[in-house]
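Novice: Provided below for reference: sequence and predicted model.
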Amino acid sequence: MTRPDPSDPSQIEGKLLIAMPGMGDPRFDRSVIFMCAHSADGALGLIVNKPMPELSFANLLKQLEIDVPLVSRDVQVHFGGPVEGGRGFVLHSGDFVSDASTLQVSKDFGMTATLDVMEALAADGAPRDALLALGYAGWGPGQLEAEILQNGWLTCDATRALVFEEGNETKWTAALATLGVDALMLSADAGRA
């Protein structure tokens, strides 16, 4: 298994970070994070496997005063991370682009943080796949790179199936499995050879 160069944004953006055991921060325990942006200025990602069952998409639309007579799809609301917990972000398939606000992470994934994506979702339009996150995971300059080098995170490719179709309770082990890693064999103790 080759370790990506954490200082190279092209090797982290659009990938998944997989929290290693012994992370130290309980908010990231067994987290899988989709990396939306990474540069010398820092990094931003969305946790994709921690649902917030107390919040429904329909109630969120009501709070945002988006009037839809009948919401035909249910988009699961997730804890996206500890930064700006009251702000919503939609990680979605590449078939939706809002000219003003979509961060096109790759041809398969985009991230939009404006009401137009919520309106499109409520109207059962594009995007085909979506995950709504409240808050995000953020790192300052060099912070994520240091955590990766200290064995805090593994990285793997993000696929539509893993991000949008895999069950939240199995995303972490499924992400590890893409690397050939068995979760039962991981240790919270890091070492160097």
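Specialist: Yep, it's here.

Novice: Show me the strands in this structure, by range?
Specialist: 15-19, 32-39, 42-47, 77-79, 83-93, 103-104, 109-112, 130-139, 153-157 (DSSP state E).

Novice: so can I have TSV of the ones you listed showing mean neighbour count?
Specialist: For every residue, glycine as well, the C-beta is placed using N, CA and C. Converted to TSV, the strands of the chain look like this (neighbours: other CB atoms under 10 Å):
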stretch	mean neighbour count
strand 15-19	24
strand 32-39	22
strand 42-47	24
strand 77-79	20
strand 83-93	18
strand 103-104	15
strand 109-112	24
strand 130-139	22
strand 153-157	18
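
Novice: Any idea which of those gets closest to Gly167?
Specialist: Smallest distance to Gly167 across these (CB to CB): 11.6 Å, for strand 32-39.

Novice: will you turn the strands of the chain into JSON lines that also has distance to Ala175 and mean pLDDT?
Specialist: Shown next, in JSON lines, are these (distance: least, CB to CB, whole Å; pLDDT from 0 to 100):
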{"stretch": "strand 15-19", "distance to Ala175": "5", "mean pLDDT": "96"}
{"stretch": "strand 32-39", "distance to Ala175": "5", "mean pLDDT": "96"}
{"stretch": "strand 42-47", "distance to Ala175": "12", "mean pLDDT": "97"}
{"stretch": "strand 77-79", "distance to Ala175": "15", "mean pLDDT": "94"}
{"stretch": "strand 83-93", "distance to Ala175": "15", "mean pLDDT": "93"}
{"stretch": "strand 103-104", "distance to Ala175": "22", "mean pLDDT": "91"}
{"stretch": "strand 109-112", "distance to Ala175": "15", "mean pLDDT": "96"}
{"stretch": "strand 130-139", "distance to Ala175": "15", "mean pLDDT": "95"}
{"stretch": "strand 153-157", "distance to Ala175": "5", "mean pLDDT": "94"}
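
Novice: Identify whichever of the ones you listed lies nearest to Leu179.
Specialist: Short answer: strand 153-157, nearest of the strands of the chain by CB to CB, at 5.4 Å.

Novice: which helices and strands does that closest one pack with?
Specialist: Judged by 3 or more CB pairs under 8 Å, 6 or more residues apart in numbering; DSSP states H and E, strand 153-157 is in contact with strand 15-19, helix 143-149, helix 171-178.

Novice: after that strand, next one along is what?
Specialist: For strand 153-157, the following helix or strand on the C-terminal side (DSSP states H and E) is helix 160.

Novice: tell me the mean pLDDT over that following helix?
Specialist: Mean pLDDT, computed over helix 160, is 95.

Novice: Let me see the residues that make contact with it.
Specialist: The contact list for helix 160, computed with CB atoms under 8 Å, 6 or more residues apart in numbering, reads Ser93, Asp108, Asp129.

Novice: can you pull the pLDDT of Pro9?
Specialist: Per the predicted model, pLDDT is 52 at Pro9.

Novice: Leu134 contacts Val77, doesn't it?
Specialist: Yes - counting by CB atoms under 8 Å, Leu134 touches Val77, with 6.5 Å between them.

Novice: what do these two both touch?
Specialist: Met52, Leu55.
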